[in-house]
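Colleague: build me a model:
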Amino acid sequence: MIVGQYFMRFGASVTQYSPSFPRGGEAAVFAIELLALISGASINFGVEHKNFEDTSWVNLGNVNATSVGVWSLSLAGIKEEVRLTYVVGGSNATDTVYANVLAPQWRPY
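Modeller: Residues are numbered from 1 along each chain as shown. Next comes the predicted model:
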């Protein structure tokens, strides 16, 4: 069984997106667990949201994870549709982060 996935910088800091999914509550804790990273690499983990009729996504919050461990965001006022964003930082095109994105912990408020 493989736990986690690799995120690479790809030369420029390219934003990578998760598939969108419906919210499970009006607030939630989103978390990413960094299992390993190349020295000097980091990952900006973010949450975007929108209502179904909206045509563009809005940033709800983000955290710049720079070391091994669990990094979390406690966010409220979540709209109907959510997606996660990942931007790997560093100075080399091959900078890589190995991370496990944890399931959101939904709250009703």
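
Colleague: centroid-nearest residue for this protein?
Modeller: Phe45 (3.4 Å; CA atoms, centre = their mean).

Colleague: how about the nearest residue to it, chain neighbours excluded?
Modeller: Nearest residue to Phe45 in three dimensions, chain neighbours excluded: Ile32, at 4.5 Å (CB to CB, 6 or more residues apart in numbering). Using the backbone N, CA and C atoms, a C-beta is placed for each residue, glycine as well.

Colleague: so what's the backbone phi/psi at that neighbour?
Modeller: In terms of degrees, to the nearest 10, the main-chain angles of Ile32 are phi -130, psi 140.

Colleague: start at 541, not 1
Modeller: OK, 541 is where the count begins now, so the last one is Ile572.

Colleague: which residue ranges of this structure form strands?
Modeller: With DSSP state E as the criterion, the chain has strands at 545-548, 555-557, 561-562, 567-577, 582-590, 598-605, 609-616, 621-629, 636-647.

Colleague: so which elements touch the fifth one?
Modeller: Contacting strand 582-590 under the criterion 3 or more CB pairs under 8 Å, 6 or more residues apart in numbering; DSSP states H and E are the following elements: strand 567-577, strand 598-605, strand 609-616, strand 621-629, strand 636-647.

Colleague: quick one: that strand to chain centroid distance?
Modeller: Relative to its chain's centre, strand 582-590 lies at 4 Å (CA atoms, centre = their mean, to the nearest Å).

Colleague: could you measure from Val587 over to Met541?
Modeller: Using CB to CB, to the nearest Å, we find Val587 at a distance of 26 Å from Met541.
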